[in-house]
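> I'll drop the sequence and a predicted model, then ask my questions.
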Amino acid sequence: MWNDTVVTQRLGLVAPIVQGPFGGGLSAVDLVVAVNEGGGLGSFGAHNLDGAGIRRVAAEIRARTSRAFALNLWIPLGDSDDPQLSDEAWRAECELLRPYFEELRVPLPARPARFGPRFDEQMEAVLEIKPPVFSFVFGVPTPSVLDRCRSAGIVTVGTATTPAEAKLLADAGVDNVVATGFEAGGHRVSFLGEPEDCLTGTLALVPQVVDAVRVPVIAAGGIADGRGIAAALRLGASAVQIGTAFLACEESNAPTLHREKLFSADARRTTLTRAFTGRLARSIHNGFIDAMHARRPVYPPYPVHGWFMAHLRGPALDAGRTDLGSFWSGQGAPLLRYRRARELMEFLVADTARVLAPG
Ligand SMILES: Cc1cc2nc3c(=O)[nH]c(=O)nc-3n(C[C@H](O)[C@H](O)[C@H](O)COP(=O)(O)O)c2cc1C
């Protein structure tokens, strides 16, 4: 049976379908629960939460489903956990974005003590919670974290954009590797090279990663229906991870305007850009991307530019200014048809069975 793989067996899933986690506050407990009840693995992206926030989310998920779920974090890359930001870089960033803040009549934010939660605190919360699955991007956790996951029975899932990254993850003892092609929505999560140099598509990347490692491979990027799932399984993947199609569902925490955009003609054009966070990520194209690309700014160290942009996002959405914010989307958006996660899950399972039926 197509839906009986090492991943479904290990995690007790009905179908080898992982709902991709979303950072930036776009994950939702409702979505995790709907996907779990539909037989897949729901994931919650906790990148933007502190330890207390992560504990709260995990308790909510556990109160509503007894099935396996994943918590997801971003491994610090370079000095991203506590960036060294010069006064000059701070001022340059203020000047870069001042016109947009003025246009929306929002004051420029004051410089904070920190630009985001501490990774160590987030990681300790995850280890204490002991979720069935811990997934992560942008690197490899320390050997001690991986040991503690193993002792606690937490299944680990790392993410690779190249076969070399996949091999590093597997050699470190990570249990599963997501091979994510450049079609995927959101950030390009490369950690060994510049993301601009790691732009292999899913169709070429998955079999290369399958050949490079002995652990189960989860294919991600551009998958939105049974044809994509069947293709990924045929390429040797043991499961798929789908982001954009779940982000578009009512249960996600994406604002209505974002979800509507994903079903609109605008989603036919997505761009990989550093314009929104300073890191390369795929979004629906808009005027802000053009403006930033024309100015070619030197972005401050991550996550400073994204922190500024987060202050603009709410007011921009309130003003209906879709030309100003990020509308993360993968290249598969034009394939989207479903707006409820449970219906999407039912469709994905039935459609894959149809595509893979003999004859
Ligand atoms: C808005 C958005 C946010 C994302 N945030 C994360 C994240 O925090 N952690 C992660 O592992 N993957 C993240 N991803 C990647 C997805 O989990 C998934 O792997 C990807 O969307 C699959 O490609 P697709 O969008 O073509 O389906 C994000 C994707 C999107 C669209």
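In hand now; what should we look at?
> Find the nearest non-adjacent residue to the residue in the stretch 1-150 of the chain that the ligand sits nearest to, please.
Relative to the ligand, the nearest point of the stretch 1-150 of the chain is residue 20 (2.2 Å; CB to the nearest ligand atom). Where C-beta positions appear, they are placed from N, C-alpha and C, glycine not excepted. Using CB to CB, 6 or more residues apart in numbering and skipping the chain neighbours, the partner closest in space to residue 20 is residue 243 (3.4 Å).
> next one: residue 313
residue 325 (4.8 Å).
> now do residue 105
residue 315 (7.9 Å).
> For the one you found, what is the enclosing helix or strand?
Element membership for residue 315, per DSSP states H and E: helix 304-318.
> Also residue 227?
For residue 227, the host element (DSSP H and E) is helix 226-234.
> can you pull the buried residues of that helix?
226, 228, 229, 230, 231, 232, 233 (16 or more other CB atoms under 10 Å).
> Which of these sits closest to the ligand?
Nearest member of the buried residues of helix 226-234 to the ligand, counting by CB to the nearest ligand atom, is residue 228, at 8.7 Å.
> sorry, back to before: the residue nearest to residue 313 contacts residue 311, doesn't it?
No. With contact defined as CB atoms under 8 Å, residue 325 does not reach residue 311; the gap is 11.0 Å.
> Neighbour count for the two, which is higher?
Ranked by neighbour count (other CB atoms under 10 Å), residue 325 and residue 311 place residue 325 first, with 23 against 17.
> Then that one would be within a strand, right?
No. Going by DSSP: H, G, I helix; E, B strand; the rest coil, the assignment for residue 325 is coil, not a strand.
> Span of stretch 272-281 from start to end?
By CA to CA, to the nearest Å, the extent of stretch 272-281 from end to end equals 5 Å.
> do that stretch and the ligand meet at all?
No. Stretch 272-281 is not in contact with the ligand by CB under 6 Å from any ligand atom; minimum separation 8.1 Å.
> residues in contact with that stretch?
182, 186-188, 195-196, 199, 282-283, 288-289, 291-293, 299-306, 309, 325-326, 328 (CB atoms under 8 Å, 6 or more residues apart in numbering).
> what is the rounded mean pLDDT of stretch 268-283?
On average, the pLDDT along stretch 268-283 is 98.
> Now do the end-to-end distance for that stretch.
11 Å.
> Could you list the buried residues of that stretch?
270, 272-283.
> Now do the residue of the stretch 101-250 of the chain found nearest the ligand against residue 177, distance only.
Closest to the ligand within the stretch 101-250 of the chain is residue 243: 1.8 Å, counting by CB to the nearest ligand atom. Using CB to CB, to the nearest Å, one obtains 16 Å as the distance from residue 243 to residue 177.
> neighbour-wise, which of those two wins?
The residue with more neighbours, out of residue 243 and residue 177, is residue 243; 30 against 26, by other CB under 10 Å.
> Need the pLDDT of that one.
The predicted local confidence for residue 243 is 99.
> burial measure for the nearest residue to residue 25 once chain neighbours are set aside, as a count.
Nearest residue to residue 25, sequence neighbours excluded (CB to CB, 6+ apart): residue 48, at 5.5 Å. A count of nearby residues for residue 48, using other CB under 10 Å, gives 19.
> Hmm, residue 48 is touching residue 116, no?
Yes. Counting by CB under 8 Å, residue 48 does reach residue 116; the two are 7.0 Å apart.
> Close to the ligand: what parts of the stretch 201-350 of the chain are there?
Contacts of the stretch 201-350 of the chain with the ligand, taken as CB under 6 Å from any ligand atom, map to 220, 221, 222, 223, 241, 242, 243, 244, 247, 328, 330, 332.
> was I right about the second one contacting residue 183?
Just to be clear, that refers to residue 221. Yes. If you go by CB under 8 Å, residue 221 and residue 183 touch, sitting 4.2 Å apart.
> Local confidence estimate at residue 359?
pLDDT, residue 359: 77.
> The chain should start at 39 in everything you say after this.
Sure thing, new numbering starts at 39, so read that last one as residue 397.
> For beta bridges, what are the partners of residue 79?
residue 56 (DSSP bridges).
> Surely it touches residue 49?
Yes. Using CB under 8 Å, residue 79 is in contact with residue 49, at 5.9 Å.
> list the residues that contact both of the two?
What both residue 79 and residue 49 touch, as defined by CB under 8 Å, 6+ apart, is the set 106, 171.
> ok, the two, which is more surrounded?
residue 79 (30 against 20).
> how about that one, what does it touch?
Taking CB under 8 Å, 6+ apart as the test, what residue 79 contacts is 49, 51, 55, 56, 57, 73, 106, 107, 108, 171, 277.
> at 10 Å instead, please
Residue 79 makes contact with 45-46, 49-51, 53-58, 70, 73, 105-108, 170-171, 173, 193, 195, 256, 277, 279, according to CB atoms under 10 Å, 6 or more residues apart in numbering.
> do residue 198 as well
Counting by CB under 10 Å, 6+ apart, residue 198 has contacts 175, 204-208, 212, 215-218, 227-230, 236, 243, 246-247, 250-251, 255, 258.
> Also residue 228?
115, 175-177, 197-200, 203, 218, 234-237, 317-318.
> now the residues you listed: which count as buried?
With neighbours counted using 16+ other CB under 10 Å, those contain these buried positions: 175-177, 197-200, 203, 218, 236-237, 317-318.
> hang on, the earlier thing: common neighbours of residue 86 and residue 154, please.
With CB under 10 Å, 6+ apart, residue 86 and residue 154 have common neighbours 112, 160, 341, 344, 348.
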